Structure formats: C-alpha cells, structure tokens
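[1] Please find the sequence and the predicted model below.
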Amino acid sequence: MVLYNVTIGVDKDIEMEWLSWMKNDHIPEVMETGKFTEYKIFKVLGHDDPETTSYSVQYFSSNIAMVNDYLTNHAPDLIKKHQIKYKDRHVAFRTLLEEV
C-alpha cells in the first residue's frame, strides 16, 4: 500500500468554501483517474497559526507505479487548477509513503 499525502494550509476566511470544493470537485477528479483506491481527509489538530487551518488529504494506492503515473500524467493539471482557484490563499506540500 502506498499513501500519497497532501498537507494543505488554507486561509480561515475561505476554509469552508475550500473544503466544499475539495470534497465536491477536486477529490472526485483525483479519484476519477483510477490511480487510487480510497481517500481520507483529516483536519490537523494543534495547528498554532490563527490565520490558517491545515488539512491532510490522503490518497491510497495499491502500488508505486500507479502513483507515479498519477504524478506524471494527472497531478500537474489538477495542482494547477487548485493553484489558480486559491492563489495566495493556501500552501501545500506532498509526501509519498509506503506501508511496511
């Protein structure tokens, strides 16, 4: 099992609109690629920045080849859509993990 984790800090004043967009638009587009078997969203607790809220969006895949295909052929366009829609209102970093 491979986990592609995207941690996103989003400005609090757009948090609910952003979360709705993620659940209704962005994540379904990621899942439609067929590269992931499931996803989960977690709100990061203990985050001390009063102006942002952080979330961890976790996408699970059966193997690294599927994730690499996603990263090469799908992620650039999906990331760009997110950046255009929420320019200067978010920060994101990505982590790839393998179950041991």
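    Nice, I can see it. All of these numbers come straight from a predicted model, not from anything done at the bench.

[2] What is the burial count for M66?
    M66 is flanked by 17 other residues according to other Cβ atoms under 10 Å. C-betas here are computed from N, CA, C, even on glycine.

[3] Contacts for the helix or strand where it lies next, please.
    Assigned by DSSP states H and E, M66 belongs to helix 64-73. Helix 64-73 has contacts (Cβ atoms under 8 Å, 6 or more residues apart in numbering) with 2, 4, 30, 33, 35-36, 61, 96, 98.

[4] change it to 10 Å
    With contacts defined as Cβ atoms under 10 Å, 6 or more residues apart in numbering, helix 64-73 is touched by 2-4, 30, 33-37, 59-61, 63, 75, 78-79, 94, 96, 98.

[5] Give me the distance from that helix to the chain's centre.
    Centroid separation for helix 64-73 versus its chain: 15 Å, with Cα atoms, centre = their mean, to the nearest Å.

[6] try stretch 52-61
    The chain centre lies 5 Å from the centre of stretch 52-61; the measure is Cα atoms, centre = their mean.
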